[in-house]
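Enquirer: Predicted model and sequence follow; I will ask about them next.
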Amino acid sequence: MPCDAGFLVALMTHEVPKIGALMWIATPTFDEEPSLDDVEQIASWRWPVFFPLGAAIRRRIFVAIGVVDIPEALRAFPTLRSGHRSMGYTSFTEVDGVRHQLGATTDATLPIYQIVNDTRLKEMVVSGWRPQDEW
């Protein structure tokens with residue numbers, strides 16, 4: 001997907017019904033639309049977010065480049081956090097589609113359980129946003 005920082009790459013690792021595609025956003029951006037070989041060489045990923053990928057592909061906001069092997073470190077559903085400053089944050093993960101609450105967390109670097117649209121995703125990448133920015 002093109003943005004002000006170049007072309008951003010996302011790797012869909014999980015589909016959560018009624019929520020969307022869990023996508024890891026690549027650290028590098030590309031000056032030109034990347035090839036499948038370029039994507040296979042990515043070794044650094046920023047954070048995951050939920051995104052309405054099917055609709056974005058149908059509307060040609062995102063272009064599907066192809067299928068790549070998911071890196072070992074991204075295969076398991078990640079530990080995410082939800083909540084907010086006044087009530088505190090809790091962490092959870094999913095195994096075989098079943099959510100497992102892990103309890104309260106003070107780890108500001110945990111990815112946030114959030115759904116973003118294409119405009120917000122572009123803003124996050126261009127600004128260098130990190131999960132700890134929302135703590």
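Expert: On my side now, so go ahead.
Enquirer: Do me a favour and get the backbone dihedrals for M23.
Expert: Dihedral pair for M23: phi -120, psi 130, per degrees, to the nearest 10.
Enquirer: what about the helices in the protein?
Expert: 36-40, 53-58, 72-75, 118-127 (DSSP state H).
Enquirer: Of all these, which one comes closest to I19?
Expert: helix 53-58 (11.2 Å; C-beta to C-beta). Just so you know, the C-beta spots here come from the backbone N, C-alpha and C atoms, and that holds for glycine as well.
Enquirer: just checking, what packs against the closest one?
Expert: Identification of packing neighbours for helix 53-58 by 3 or more C-beta pairs under 8 Å, 6 or more residues apart in numbering; DSSP states H and E yields strand 20-26.
Enquirer: Need the CA coordinates for the strand it packs on. CSV is fine.
Expert: Presented in CSV, the C-alpha positions along strand 20-26 are these (Å, rounded to 0.1, in the frame of the first residue of the first chain):
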residue,chain,number,x,y,z
GLY,A,20,-10.6,-8.8,10.6
ALA,A,21,-7.1,-9.8,9.4
LEU,A,22,-4.3,-9.7,11.9
MET,A,23,-1.5,-8.1,9.9
TRP,A,24,2.2,-7.5,10.9
ILE,A,25,3.5,-4.3,9.4
ALA,A,26,7.0,-4.5,8.0
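Enquirer: mean confidence for that strand?
Expert: Averaging pLDDT along strand 20-26 yields 97.
Enquirer: mind listing what's buried in it?
Expert: 20-26 (16 or more other C-beta atoms under 10 Å).
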